[in-house]
Every structure is written in structure tokens, then in C-alpha cells.
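**Student:** Sequence first, predicted model second:
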Amino acid sequence: EAKAKNVIVIFCSGAASQIDTFDFKPELIKRNGQDLPGGKLVTFQGEQGKLTKSPWAFRPYGESGKMISDLVKNIGEQSDDICFLHSLTGKTNTHGPGENFMSTGFTLDGFPSMGAWTTYALGSENSDLPAYVAIPDPRGTPQSSVNNWGCGFLPAAFQGTDFNANNPIRNLARPSKISPTEDRATREFLKRMNERHQTKFLGDTQLAARISSYELAAKMQSSVPKVAAINDEPKHILKMYGADSTNQLKSDFAKSCILARRLVEKGVRFVQLFNGAYQTGGEGVSNWDGHKALERQYAKHGEMLDQPCAALLKDLKQRGLLKDTLVVWCTEFGRMPTFQKGASGRDHNPSGFTAWMAGAGVKAPYTFGATDDFSYKAAEKVSTVYDFHATILQLLGLDHQRLSFYHNGIERRLTDVHGKVIQEIVA
């Protein structure tokens with residue numbers, strides 16, 4: 001039985017450090033400046049330096065007393081509604097393949113995203129809007145770009161439609177020289193012609209998707225401007241999200257979070273919201289890839305993410321939407337408990353990292369799994385991205401082993417041939 005009707009995924013591109021956000025490690029604080037036990041360690045960018053505690057203090061939040069970093073204190077205040085998964089493991093320590101793996105279940109390009117699988121299985125509750133919307137970061141797309149919301153080998157109709165509050169869907173408006181009556185008559189004539197043409201190519205999913213996309217585009221001429229009219233929100237809502245902030249990036253991301261809520265209200269099935277874009281201005285400047293100057297860069301990223309993300313949870317709850325909406329926070333992999341030798345940042349670490357869920361069908365407040373004393377490797381109730389995906393599908397009422405598509409002689413799945421539902425976190 002489906003517990004969730006809709007999904008909002010908040011994807012922090014660049015590998016957000018679990019050590020500086022949600023994974024509290026007293027032993028790491030105690031051994032700050034010492035060597036990581038086990039000898040010299042060489043990781044993605046080279047030799048590692050000393051164990052380094054987070055620059056941000058951790059404090060207890062909510063009735064559960066969950067320890068959360070000051071970097072994300074507003075999210076901490078929502079911790080009683082959150083289920084934390086601290087023992088995730090990945091398959092790669094490279095950003096592009098890591099984003100692919102988290103979004104599609106495969107490190108290579110060309111596989112359907114979890115949003116595409118979801119809409120392939122469940123369709124949409126609103127015929128006037130796309131079933132699947134990707135909201136890129138205000139600064140641009142993530143490293144793996146459209147692979148994160150692509151349809152792979154599924155029919156093209158199931159790919160995500162990407163737009164955000166600042167960059168609406170292009171070429172949507174009717175030319176001023178064409179009257180509404182002419183426009184409507186032309187669309188109706190085109191529809192009849194397309195239907196006649198389609199009878200000659202009944203098995204052509206690309207043609208069917210193209211026709212469907214044109215018909216949806218026509219409907220979206222009126223539906224998208226309405227749903228994207230963020231400034232129609234009451235002032236207290238804009239303020240709650242931080243959309244009135246003088247920090248332009250924070251304001252823009254806040255508007256994207258409001259857009260995500262408005263899309264779910266209208267019945268959009270799957271919304272993928274990105275915080276972090278592919279390198280613009282240098283390493284770690286526009287995303288969470290904090291190799292060299294973590295404290296300075298994360299202070300900016302944290303401010304941009306924290307209030308809008310927390311407000312989204314709070315707003316969904318106060319509107320009664322959280323009971324039907326699954327909110328997922330994730331990143332492609334974690335980061336090391338050491339600083340890199342000669343630098344002030346952390347290297348990539350897929351051996352143990354954090355994600356969280358809130359809303360429909362999820363136990364909260366709850367903590368599942370744990371990394372070791374330093375947040376280096378998953379140590380208790382070790383889980384995989386396959387398990388993570390299987391659980392999301394289960395909460396949508398879908399069996400990850402039965403949701404498949406025959407392609408090139410193989411019954412393909414989001415979870416490949418792996419994955420077990422993490423039943424312990426299901427309410």
C-alpha cells in the first residue's frame with residue numbers, strides 16, 4: 001500500500017559533508033589533530049592530513065535531542081519530523097558517476113532516473129503540468145546535468161522537465177500577433193493531424209512522446225505561469241522561506257523551495273530540487289565540494305540551504321501535505337574525517353555518509369545506522385543506495401523487484417539486481 005503520493009528530493013550536489021551537518025562524532029572532536037588510526041591514508045585527491053573536527057558546534061534539537069550542526073540549525077529544529085540514515089555507502093568517489101548512482105542507480109550515463117521510474121509506474125495527478133519536474137540550482141545544473149532527471153531507455157515522456165523560479169520554461173508564451181482563437185484552432189487541427197499520422201507508427205514511443213509533449217506544452221502555457229508565480233505568496237510565507245533575503249542565492253533557492261511545494265500542491269508526482277551546481281568560479285564555490293576551504297565555502301552553502309529547506313518541511317506540515325509527501329535529502333557521497341594534507345577541506349568518501357527522509361510513511365524522529373567513531377566508514381546497519389531506492393519505491397507502493405523495463409535483452413530495474421527495503425524506517 002502506498003504511503004506517499006508525491007516525492008520531493010533535495011539533492012545537495014558536490015558531496016555535502018556528513019561530519020559538518022548531521023553526523024555527530026564526539027570521538028572525532030576528542031581526537032582532533034591526531035592521525036586517523038590505521039596508518040597513512042591516500043584518497044581521491046591524495047594523501048590525508050590529521051583528523052579534523054567540524055568548525056561548527058553540534059547541539060541537541062527537538063524532543064529527540066538529535067545532535068545537529070549549527071551550520072544547519074533551522075533543519076535541526078525540524079528534526080522531530082526527520083528519519084536520519086547514517087550508514088549509506090556508495091560505489092564511486094567521483095562526482096559525475098556519484099550523481100548518476102544516486103539519481104539512477106547506475107554510475108554510467110543513460111539509465112532512467114528515479115523520478116522517471118516513478119512517473120513510468122504511477123503517472124500524474126495533473127494533466128496540465130509535467131508529472132516530473134527538476135528544479136536546478138539558481139547557479140546552473142549539477143555535474144551530471146540532465147542525467148539526473150533523464151528517462152534513459154524509458155519512453156521519452158517520462159523524463160523530467162527542468163525549470164526554476166528564475167528560469168521559466170522557454171518559448172512558452174503565445175506570440176502576440178496570434179489571437180487566442182487562432183491559437184486554439186491551430187492546436188486542434190494539429191492534434192487531428194498527429195493522431196492520423198500516429199496510426200501509421202503505433203509502436204513508436206518517441207513519436208508518441210513528441211506528440212504528448214506538444215499537447216502538454218499547450219496546456220502549460222496557462223498552468224506553468226500560475227504555479228511559478230512565487231510573488232503571489234503571502235509576505236509571511238516568503239519571509240519564512242527566506243525569499244526576502246538580501247542574499248540573492250538564498251532568496252533564489254528559497255523561491256525554488258516554494259515552487260517545489262506549489263508543484264506538489266498541484267499534483268506533480270516527483271520534484272527533484274538541486275542545491276549546488278557544477279563548478280562555476282572554482283572548486284567548491286558553487287557546490288558542496290569542499291576540498292580546500294571548507295569553512296569559508298560551507299558557511300555560504302549552509303546559509304543558502306538551511307532556512308529554505310527547513311521552511312519547506314514546516315510549510316508542508318502546516319498545510320497537511322507532509323502526510324502524503326515524502327521529502328528526501330541526499331548527496332552523491334560523503335567526505336573524510338581528516339583534512340587533506342596541506343589543505344583546509346575534506347576529500348571524497350563513499351564508505352559512509354548520511355541522507356534523511358521526512359513525511360509520508362517514515363518513522364520520525366528516528367535514527368537508522370551509524371558510521372564508526374570518526375564518520376569514516378559505515379559500521380552499524382550498513383545500507384546501500386540500492387536499499388535507499390528500494391525504500392523510496394516501497395513508500396510509493398511500488399515493489400522495486402517488479403518495477404522493470406525490458407531493454408537490450410535485460411529486464412532493467414532502478415535497483416539493478418540488488419536492494420532491500422529498509423523496513424526498520426517504515427512507519
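**Tutor:** Great, that's in hand. Residues are numbered from 1 along each chain as shown.

**Student:** How far off centre is the helix or strand where residue 85 lies?
**Tutor:** Remark: residue 85 resides in strand 82-89, with elements defined by DSSP states H and E. Its chain's C-alpha centre and that of strand 82-89 lie 15 Å apart, by C-alpha atoms, centre = their mean, to the nearest Å.

**Student:** Show residues contacting that strand.
**Tutor:** Residues outside strand 82-89 that contact it (C-beta atoms under 8 Å, 6 or more residues apart in numbering): 18, 22-23, 66, 75, 313, 334, 350-358, 362-371, 378-385, 388, 422, 425. C-beta: built from backbone N, CA, C; applies to glycine.

**Student:** Which members of these occur in helices, if any?
**Tutor:** The members of the contacts of strand 82-89 that map onto helices under DSSP state H are 75, 313, 385, 388.

**Student:** Give me the buried subset of the contacts of strand 82-89.
**Tutor:** Using 16 or more other C-beta atoms under 10 Å as the burial test, these include 18, 22-23, 66, 75, 313, 334, 350-358, 362, 364-371, 378-379, 382-385, 388, 422, 425 as buried.

**Student:** Go through stretch 215-227 and flag the buried ones.
**Tutor:** By neighbour count with 16+ other C-beta under 10 Å, stretch 215-227 contains the buried residues 216-218, 220, 223-224, 227.

**Student:** So what touches it?
**Tutor:** Residues outside stretch 215-227 that contact it (C-beta under 8 Å, 6+ apart) are 126-130, 163, 168-169, 172-174, 187, 191, 259, 262-263, 266.

**Student:** For ChimeraX, write the select line for the buried members of those.
**Tutor:** The buried subset of these, as determined by 16+ other C-beta under 10 Å, is captured in ChimeraX by this line:
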select :126,128,129,130,163,169,187,259,262,263
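
**Student:** so of the contacts of stretch 215-227, which ones are in helices?
**Tutor:** Members of the contacts of stretch 215-227 lying in helices (criterion: DSSP H): 187, 191, 259, 262-263.

**Student:** which one is residue 5 nearest to, not counting chain neighbours?
**Tutor:** Spatially, and ignoring its direct neighbours in sequence, residue 5 is nearest to residue 324 (4.4 Å; C-beta to C-beta, 6 or more residues apart in numbering).

**Student:** The stretch 151-300 of the chain: helices as residue ranges?
**Tutor:** Secondary structure of the stretch 151-300 of the chain by DSSP state H, counting those that start in this stretch: the helices cover 180-198, 205-227, 235-241, 248-265, 294-318.

**Student:** export those helices to TSV and tack on mean pLDDT and distance to residue 144?
**Tutor:** Formatted as TSV, these follow (pLDDT from 0 to 100; distance: least, C-beta to C-beta, whole Å):
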stretch	mean pLDDT	distance to residue 144
helix 180-198	89	33
helix 205-227	83	22
helix 235-241	98	27
helix 248-265	97	19
helix 294-318	98	19
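
**Student:** could you check the angle strand 82-89 makes with the one helix or strand residue 99 maps to?
**Tutor:** Residue 99 belongs to helix 95-104 when assigned by DSSP H and E. Counting by axes from the mean of the first three to the mean of the last three C-alpha atoms, to 10 degrees, helix 95-104 lies at 130 degrees to strand 82-89.

**Student:** okay, the angle between the helix or strand that helix 95-104 is followed by and helix 95-104?
**Tutor:** Once the chain leaves helix 95-104, the next helix or strand it forms, by DSSP H and E, is helix 114-122. Here helix 114-122 runs at an angle of 20 degrees relative to helix 95-104 (the same axes, to 10 degrees).

**Student:** Lowest-scoring secondary structure element of the chain by mean pLDDT?
**Tutor:** Least confident helix or strand of the chain, by mean pLDDT, DSSP states H and E, is strand 42-43 with a mean of 81.

**Student:** Partner strands of that one, with direction?
**Tutor:** strand 46-51 (antiparallel) (DSSP bridges).

**Student:** List the buried residues of the partner strand.
**Tutor:** Buried residues in strand 46-51, counted by 16+ other C-beta under 10 Å: 48-49, 51.

**Student:** can you check stretch 175-195 too?
**Tutor:** Across stretch 175-195, burial judged by 16+ other C-beta under 10 Å covers 187, 194.

**Student:** List the contacts of that stretch.
**Tutor:** Residues from elsewhere that reach stretch 175-195 (C-beta under 8 Å, 6+ apart): 174, 211, 214-215, 218.

**Student:** let's go with 10 Å and repeat that
**Tutor:** Defining contact as C-beta atoms under 10 Å, 6 or more residues apart in numbering, one finds that stretch 175-195 is touched by 174, 207-208, 210-212, 214-215, 217-219, 221.

**Student:** What's the separation between residue 337 and residue 76?
**Tutor:** As defined by C-beta to C-beta, to the nearest Å, residue 337 lies at a distance of 21 Å from residue 76.

**Student:** Between these two, tell me which one has more neighbours.
**Tutor:** residue 337 (31 against 23; other C-beta atoms under 10 Å).

**Student:** Please list all residues in contact with residue 369.
**Tutor:** By C-beta under 10 Å, 6+ apart, the contact list for residue 369 reads 84-89, 352, 354, 378-383, 422, 424-425.

**Student:** Kindly recompute the last result at 8 Å.
**Tutor:** The contact partners of residue 369, by C-beta under 8 Å, 6+ apart, come to 85-88, 378, 380-383.

**Student:** cool, and residue 101?
**Tutor:** By C-beta under 8 Å, 6+ apart, the contact set of residue 101 is 90-92, 107, 332, 385.

**Student:** Try it again at 7 Å.
**Tutor:** 90-92, 107, 385 (C-beta atoms under 7 Å, 6 or more residues apart in numbering).

**Student:** can you pick the most crowded of those residues?
**Tutor:** Neighbour tally across these (other C-beta under 10 Å): the maximum, 26 neighbours, falls on residue 385.

**Student:** was I right about it contacting residue 90?
**Tutor:** Yes: because the distance of 6.0 Å satisfies C-beta atoms under 7 Å, residue 385 is recorded as touching residue 90.

**Student:** Surely residue 12 is in contact with residue 275?
**Tutor:** Yes: counting by C-beta under 7 Å, residue 12 sits close enough to residue 275 to count as a contact (4.9 Å).

**Student:** Now do the shared contacts for these two.
**Tutor:** Shared contacts of residue 12 and residue 275, defined by C-beta under 7 Å, 6+ apart, comprise residue 305.

**Student:** out of those two, which sits in the busier spot?
**Tutor:** Taking neighbours as other C-beta under 10 Å, residue 12 and residue 275 compare with residue 275 leading, 29 against 24.
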